[in-house]
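**Q** Output the structure for:
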Amino acid sequence: MKKKFRVVAGRKFYCDEKGILTKDAEGNFEEVADTDTTAEEVASADEATAEVEKMLSAAAAQARKAAQTDMVGAEVRATDAVTKLFEAIATGAEKHTKVGEGEAKSALDLDEIKKGFADLGANKRNVFSFTISSKADLDYLAKATSESGSLEGDVIEPARQPEISRDPVRQPFIESIADVVTGVQSDSLSYVEVVNESGAPAVTAELADIDEKDFEFQEFKAPFKKIAVINKHSVELLQDAPQLVAAIKRWLAEDVNIEVDNQLLNGSGVGDQLSGVMTLASELDDTEVGDKRVAFANLADVIRVAITKVAVAGKGKFTATYAILNPEDADALDLTKDESGQYVLPPFRSADGTKIKGARVIENVGIPAGKFLVGDFSKLHVGSKGGVEIEMTNADGTDFKKDILTVKLRRRIAAYVRQNDNGAFWQGDIADVIEALTQS
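**A** Next comes the predicted model:
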């Protein structure tokens with residue numbers, strides 16, 4: 001009688017008339033030799049085997065579709081998983097099949113099979129096998145995967161998105177609108193101002209003495225201040241999770257730049273703090289408003305009055321370039337309506353609403369809600385010694401013994417507004433200025 005064989009994962013294995021794989025003298029499933037040309041394939045295909053193959057093909061297709069960031073890798077993993085499954089069918093240890101009342105019952109444990117695949121995916125084991133030794137086993141596996149759920153989630157490793165997120169942080173902006181000087185070699189920015197003038201030109205008669213005018217000069221220095229942060233992590237983290245380490249460095253650089261921005265905006269000028277422009281700016285209050293009155297005053301009127309103050313203080317040499325508002329306040333510029341419900345667009349505001357009398361509106365949470373800042377930001381001078389400097393060391397304390405690396409990020413910044421230019425910036429409380437403008 002001619003021997004029978006079945007094809008499993010592209011390989012031929014001897015089997016009996018029912019399609020059950022047979023073993024050789026050593027207890028291994030016997031693969032058909034290339035020289036055996038007389039063996040016959042089992043006439044009818046096993047429906048249960050076809051169902052399992054169909055399920056695994058779907059798993060591979062899902063992997064190819066889902067792996068948007070690593071398509072090739074996911075397909076290779078899916079192919080390996082399918083191959084291991086069929087190799088397990090061909091080479092695993094045999095289990096006994098229990099027979100009941102006229103119906104063969106499977107000895108397979110589906111939960112154990114799914115756990116085995118999960119362990120492979122989690123690198124908890126290198127080898128996992130189980131035996132399908134009868135049609136009942138195949139029927140059970142096919143039925144279980146179709147009725148109780150698919151093995152796809154366990155066989156196929158899910159694609160992981162590469163981005164690592166953190167809570168939102170605000171966007172720095174001051175350096176982008178100020179007068180910035182880079183590559184400074186000194187420890188400070190030096191500048192000279194006229195601190196006193198005496199005498200003045202005058203109409204002079206023929207042969208009369210000409211009046212003399214004198215200038216008193218003084219040098220000022222804005223020292224560079226250091227803004228820095230450190231972060232420690234293990235050598236293992238650096239080796240095993242370089243993507244995470246890169247994200248941490250990026251976040252720390254963001255934090256350093258945000259603190260630089262905060263110092264340029266709100267620094268007190270005391271101790272090691274920079275003198276922020278909000279601290280240096282003149283305050284627009286009821287005294288400065290004086291007897292100016294505006295009917296139905298609103299936020300747009302406040303900004304417009306501040307722009308006037310900039311122009312007057314500079315005697316025409318200052319031009320307000322930006323108006324800084326907290327987003328909680330800025331929406332009032334867009335939402336103000338008249339009594340008929342129509343939106344109000346003042347004639348001194350651009351059609352797209354981004355400028356008021358030529359000053360561009362910037363919304364940023366760096367300025368406190370309820371406050372405003374208007375100014376000629378060409379008068380804010382910032383010195384930067386390069387960008388964010390990054391250093392790494394294991395020489396901090398006992399870090400060398402513990403395989404700990406310290407990452408240090410640092411910036412050195414200097415900033416100043418000339419005393420003669422202080423009138424180029426005006427800040428104040430929105431509500432107070434509105435009240436001052438509407439007093440009867």
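
**Q** Quick one: name whatever helix or strand follows the host helix or strand of Gln427.
**A** Assigned by DSSP states H and E, Gln427 belongs to strand 425-429. Moving toward the C-terminus from strand 425-429, the next helix or strand (DSSP H and E) is helix 430-438.

**Q** rewinding a little: residues in contact with the strand holding Gln427?
**A** 277-278, 280-285, 302, 306, 309-310, 313, 370-376, 379-380, 417 (Cβ atoms under 8 Å, 6 or more residues apart in numbering). The way it works is simple: take the backbone N, C-alpha and C, and place the C-beta from them, glycine included.

**Q** Could I get the average pLDDT for that strand?
**A** Over the span of strand 425-429, the pLDDT mean works out to 96.

**Q** ok so, going back, in helices, which of the contacts of strand 425-429 appear?
**A** Among these, the members falling in helices (DSSP state H) are Val277, Met278, Leu280, Val302, Ala306, Lys309, Val310, Ala313.

**Q** who wins for neighbours among those?
**A** Val302 (29 neighbours; other Cβ atoms under 10 Å).

**Q** Which segments of the chain make up each domain?
**A** 45-155, 174-187+223-438 (automatic domain parsing).

**Q** worst average pLDDT in those domains?
**A** Ranked by mean pLDDT, the domains of the chain bottom out at domain 45-155, with a mean of 52.

**Q** so what's the backbone phi/psi at the nearest residue to Thr182 once chain neighbours are set aside?
**A** Using Cβ to Cβ, 6 or more residues apart in numbering and skipping the chain neighbours, the partner closest in space to Thr182 is Ser384 (5.1 Å). Per-residue torsions, Ser384: phi -130, psi 130 (degrees, to the nearest 10).

**Q** Distance check, Ser384 against Lys317.
**A** 26 Å (Cβ to Cβ, to the nearest Å).

**Q** Could you check which of those two has the larger neighbour count?
**A** Ser384 (18 against 12).

**Q** Tell me who's in contact with the more buried one.
**A** Ser384 neighbours (Cβ under 8 Å, 6+ apart): Glu175, Val180, Val181, Thr182, Val184, Arg411, Arg412, Ile413.

**Q** SS state for the third one?
**A** Meaning Val181. strand (DSSP: H, G, I helix; E, B strand; the rest coil).

**Q** one step back: quick one: which of the contacts of Ser384 is nearest to Ala297?
**A** For the contacts of Ser384, the closest approach to Ala297 (Cβ to Cβ) belongs to Glu175, at 33.3 Å.

**Q** Could you confirm that closest one falls within a helix?
**A** Yes. Using three-state DSSP, the assignment for Glu175 is a helix.

**Q** so who does it touch?
**A** Val260, Asp261, Leu264, Val382, Ser384.

**Q** Which parts of the stretch 151-300 of the chain are helices?
**A** Counting by DSSP state H, counting those that start in this stretch, the stretch 151-300 of the chain has helices at residues 152-155, 174-177, 235-240, 242-266, 277-280, 286-289, 299-313.

**Q** so what does the fourth one touch, helix or strand wise?
**A** Counting contacts by 3 or more Cβ pairs under 8 Å, 6 or more residues apart in numbering; DSSP states H and E, the secondary-structure elements packed against helix 242-266 are helix 174-177, strand 225-234, helix 235-240, helix 277-280, strand 404-416.

**Q** can you list contacts of the second one?
**A** To tie it back to what came earlier, the one meant is strand 225-234. Residues from elsewhere that reach strand 225-234, judged by Cβ under 8 Å, 6+ apart: 245, 248, 252, 255-256, 259-260, 263, 272-274, 396, 399, 402-414.

**Q** Select only the buried ones of those residues in PyMOL?
**A** Entered in PyMOL, the line below selects the buried ones among the contacts of strand 225-234, by 16 or more other Cβ atoms under 10 Å:
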select buried, resi 245+248+252+255+256+259+260+263+274+399+404+405+406+407+409+410+411+412+413+414
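
**Q** Identify the residues contacting stretch 295-308?
**A** Residues contacting stretch 295-308 (Cβ under 8 Å, 6+ apart): 284, 289, 292, 294, 320, 323, 325, 329, 332-333, 336, 344, 346, 348-349, 356-359, 361, 372, 374, 426, 428, 430, 433-434, 437-438.

**Q** Likewise for stretch 309-320?
**A** 282, 284, 288, 306-307, 357-359, 374-376, 379, 421, 423-426.

**Q** Could you pull up the contacting residues of Pro368?
**A** Asn326.

**Q** likewise Lys2?
**A** Taking Cβ under 8 Å, 6+ apart, we find Lys2 in contact with Thr38, Ala39, Glu40.

**Q** and the second one, what does it touch?
**A** With contact taken as Cβ under 8 Å, 6+ apart, Ala39 is in contact with Lys2, Lys3, Lys4, Phe5, Lys12, Tyr14, Val32.

**Q** List only those of those residues flagged as buried.
**A** Using 16+ other Cβ under 10 Å, the buried ones in the contacts of Ala39 are Lys4, Phe5, Lys12, Tyr14, Val32.

**Q** will you turn the residues you listed into JSON lines that also has distance to Lys213?
**A** Shown next, in JSON lines, are the buried ones among the contacts of Ala39 (distance: Cβ to Cβ, whole Å):
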{"residue": "Lys4", "distance to Lys213": "118"}
{"residue": "Phe5", "distance to Lys213": "113"}
{"residue": "Lys12", "distance to Lys213": "110"}
{"residue": "Tyr14", "distance to Lys213": "115"}
{"residue": "Val32", "distance to Lys213": "112"}
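
**Q** With respect to Val203, which of these is nearest?
**A** Lys12 (118.7 Å).

**Q** looking at this, the closest one is in a helix?
**A** No. Secondary structure assignment (three-state DSSP) places Lys12 in strand, not in a helix.

**Q** any idea how far Asp209 is from the closest residue to it other than its chain neighbours?
**A** Leaving aside its chain neighbours, Lys12 sits nearest to Val32 (3.7 Å; criterion: Cβ to Cβ, 6+ apart). Going from Val32 to Asp209 by Cβ to Cβ gives 125 Å.
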